[in-house]
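Asker: take a look and give me a structure for this.
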Amino acid sequence: MKLNSSSKVYIAGCGGMLGDAVYTNLVATGATVLASDINLTEPWLVYADVRDYQKMHKAIVAFKPHLLINLAALTDLEYCELNADDAWLTNALGAENLGLIANQLDIPYVYISTAGIFGGEKETYNDFDMPNPLALYAKSKYYGERYVCANVPKHFVLRAGWMMGGGPAKDKKFINKLFKQIQAGAKSLNVVDDKLGTPTYTVDFANGMVKIIESELYGLYNQVCSGTSSRYEVAVELIKLLGLESAIKINIVDSDFFAKDYFAPRPASEQLVNLKLNQRGLNIMRDWKICLAEYANSFR
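Answerer: Take a look at the predicted model:
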């Protein structure tokens, strides 16, 4: 499907760090976009909860979209461990609810999964490797992924890596956590080097999503920036980009250092490669260092 001024797109869970990029990208195509969330962080958002099938059904059917995108997720691993029902209802049942609605309307459905569904047995995972989710967050997201792939014929399941984007106001992940410490006057940062992953810039992810949707090549795709890294390498690159190498020291620690605060199990590696996107000529994701250099401007 070609996204243009005659297209109507419904986006659920659009209030977070990925939502900004996806909304902006889709509006730029000329499409009419209705975006919802339970947290109304923008004037263009309306309230809707993916856990409530009846209300979601009524709102989406009334809008008559040509495409349904589900960005709704609880992504805080510790919150999910402590609030299992909420995690399952949002990440798993929410995926089911919107999948059922997409099927009833016979429209394509986009679901966002995560590199966190892998268990860390390997250093790098392609689209065909078998997941082994460790944390409750990962288990609930993997359920959503499996449900959509098995039950929604017109599906695009896109796996993201370590997400970065949204700026200081919305970024809930690693980059903004470092920046908040810097803002608070920290002269040294403790960063692990025993966790490997693939940074994923929301801007590139949204651009890639549109390209994949328009290809109509339904299926499951890894979609992350190129290059691999540890948390330590990302931190070093950020400090360099901010021109703070002489002002801030980065101390290497292992994950046990943060065991009290970050108690949810995490894989040693969740590095992805975009094997299918590369083969189909659909991969537009840039190197993570290029993306981080662009994103770092948000924090200057």
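Asker: ok, and the helix or strand in this structure with the lowest average confidence?
Answerer: helix 167-170 (a mean of 88; mean pLDDT, DSSP states H and E).
Asker: tabulate the CA atom coordinates of the following helix or strand past that helix in PDB.
Answerer: Next helix or strand after helix 167-170 toward the C-terminus (DSSP states H and E): helix 174-183. Output of helix 174-183 as PDB, limited to C-alpha atoms (Å, rounded to 0.1, in the frame of the first residue of the first chain):
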ATOM      1  CA  PHE A 174      19.900   4.500  28.400                       C
ATOM      2  CA  ILE A 175      20.900   7.800  26.700                       C
ATOM      3  CA  ASN A 176      18.600  10.000  28.700                       C
ATOM      4  CA  LYS A 177      19.500   8.200  31.900                       C
ATOM      5  CA  LEU A 178      23.100   9.100  31.300                       C
ATOM      6  CA  PHE A 179      22.200  12.700  30.400                       C
ATOM      7  CA  LYS A 180      20.200  13.100  33.600                       C
ATOM      8  CA  GLN A 181      23.200  12.100  35.600                       C
ATOM      9  CA  ILE A 182      25.300  14.600  33.700                       C
ATOM     10  CA  GLN A 183      22.700  17.300  34.200                       C
END
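Asker: tell me what helix 174-183 is packed against?
Answerer: strand 162-164, strand 188-192, helix 231-241 (3 or more Cβ pairs under 8 Å, 6 or more residues apart in numbering; DSSP states H and E). C-betas here are computed from N, CA, C, even on glycine.
Asker: thinking again about what came up before, the least confident helix or strand of the chain: how far from the chain's middle?
Answerer: Computed by Cα atoms, centre = their mean, to the nearest Å, the chain-centroid distance of helix 167-170 equals 15 Å.
Asker: that helix: which residues count as buried?
Answerer: Counting neighbours by 16 or more other Cβ atoms under 10 Å, one finds that the buried residues in helix 167-170 are 167, 170.
Asker: please look at A235 and V191 and confirm they touch.
Answerer: Yes: A235 lies in contact with V191 (Cβ atoms under 8 Å); the separation is 4.4 Å.
Asker: what's in contact with the longest helix along the chain?
Answerer: Using DSSP state H to define each element, the chain has its longest helix at helix 136-151. With contacts defined as Cβ atoms under 8 Å, 6 or more residues apart in numbering, helix 136-151 is touched by 73-77, 80-81, 84, 87-88, 90-92, 94-96, 99, 103, 109, 111, 113-114, 116-117, 131, 133, 155, 157, 159, 219-220, 264.
Asker: now, these that are in helices?
Answerer: Among the contacts of helix 136-151, the members found in helices (DSSP H) are 77, 80-81, 84, 87, 94-96, 99, 103.
Asker: pick out the most distant pair among these.
Answerer: E81 and N103 (31.7 Å; Cβ to Cβ).
Asker: contacts for stretch 178-188 next, please.
Answerer: Contact partners of stretch 178-188, identified using Cβ under 8 Å, 6+ apart, comprise 168, 189, 191, 235, 238, 242, 244, 247-251, 299.
Asker: among those residues, the buried ones, what's the PyMOL command?
Answerer: What follows is the PyMOL syntax selecting those of the contacts of stretch 178-188 that are buried according to 16+ other Cβ under 10 Å:
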select buried, resi 189+191+235+238+242+248+250+299
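Asker: and which of the contacts of stretch 178-188 is nearest D37?
Answerer: Using Cβ to Cβ, those come closest to D37 at P168, 19.0 Å.
Asker: is it true that that closest one touches F299?
Answerer: Yes: counting by Cβ under 8 Å, F299 is a contact partner of P168 at 6.4 Å.
Asker: quick revisit: got the CA positions of the longest helix of the chain in CSV?
Answerer: Coordinates of each C-alpha in helix 136-151 appear next as CSV, following Å, rounded to 0.1, in the frame of the first residue of the first chain:
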residue,chain,number,x,y,z
LEU,A,136,8.5,-11.0,32.2
TYR,A,137,8.7,-8.0,29.8
ALA,A,138,10.3,-10.2,27.2
LYS,A,139,7.9,-13.0,27.7
SER,A,140,4.9,-10.8,27.3
LYS,A,141,6.3,-9.1,24.2
TYR,A,142,7.2,-12.5,22.7
TYR,A,143,3.7,-13.7,23.2
GLY,A,144,2.4,-10.7,21.3
GLU,A,145,4.9,-11.4,18.5
ARG,A,146,3.9,-15.1,18.2
TYR,A,147,0.2,-14.2,18.3
VAL,A,148,0.4,-11.7,15.6
CYS,A,149,2.5,-13.9,13.3
ALA,A,150,0.2,-16.9,13.7
ASN,A,151,-3.2,-15.1,13.6
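Asker: please consider this matter closed, and thank you.
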